[in-house]
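Peer 1: Let's see this in three dimensions:
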Amino acid sequence: MITQRRNALKKLFASVAGTMGLGLFAKAETATAAPNEKEVFNVVYDQDIPLFSSVTKFNGMVFIAGKGAHFAGDVKSHTDHVLKELEKELLAAGSSMEKVLKVNVYLDDIKDWSAMNEVFKGRFGKNPPVRTTVAVAKGGVPGDSLVEMDCIAYV
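Peer 2: Residues are numbered from 1 along each chain as shown. Sure thing, here's the model as predicted:
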């Protein structure tokens, strides 16, 4: 599992470097391969103009946009809901919670960190992803969610 994650991270960096023209991690085979086209799912529009996609797949990687919980409840119920939404998106994209490499967690209040961790713990298998957790500035997480999360995984 660790080797798979390392290989997926190398692939991610190679694809990003290649897209940016850096070629830092490029292999000879990538020079001859046809460029991958990104797949986008669930595009959100603002007045008929594409705003963002909830899921993007590129070069064997899956990028999930921030998911929140937009109902009354505490941080534990919101965290559980958000993690289930991430899992649904990952499965639909051909990935899983065990293949998540990176998670960003945005809390409405940093005091909810311990309660969020109680629900978060164990949801990504024996080898959890790297994670960044921050409390958002005044105004909170969009849509009155107490927590929002996004992630990067491999297929």
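Peer 1: how about the strands in the protein?
Peer 2: For the chain, strands defined by DSSP state E occupy the ranges 39-46, 49-58, 61-68, 100-107, 130-135, 147-154.
Peer 1: quick one, what contacts Val62?
Peer 2: Val62 sits next to 55-56, 90, 93-95, 152-155 when contact means Cβ atoms under 8 Å, 6 or more residues apart in numbering. To be clear about C-beta, it is placed using only N, CA and C from the backbone, and glycine gets the same treatment.
Peer 1: nearest to Glu85, of the strands of the chain?
Peer 2: strand 61-68 (4.3 Å; Cβ to Cβ).
Peer 1: low-scoring stretches of this protein, by residue?
Peer 2: Where the chain drops to pLDDT under 70, the residues are 1-36, 41-43, 45.
Peer 1: Select from the contacts of Val62 the one having the most neighbours.
Peer 2: In terms of neighbour count, Ala153 stands highest of these at 28 neighbours, by other Cβ atoms under 10 Å.
Peer 1: Quick check: bridge partners of that one?
Peer 2: Beta bridges link Ala153 to Val62, Val100, judged by DSSP bridges.
Peer 1: Quickly note the distance from it to Gly122.
Peer 2: Ala153 is 17 Å from Gly122, where distance means Cβ to Cβ, to the nearest Å.
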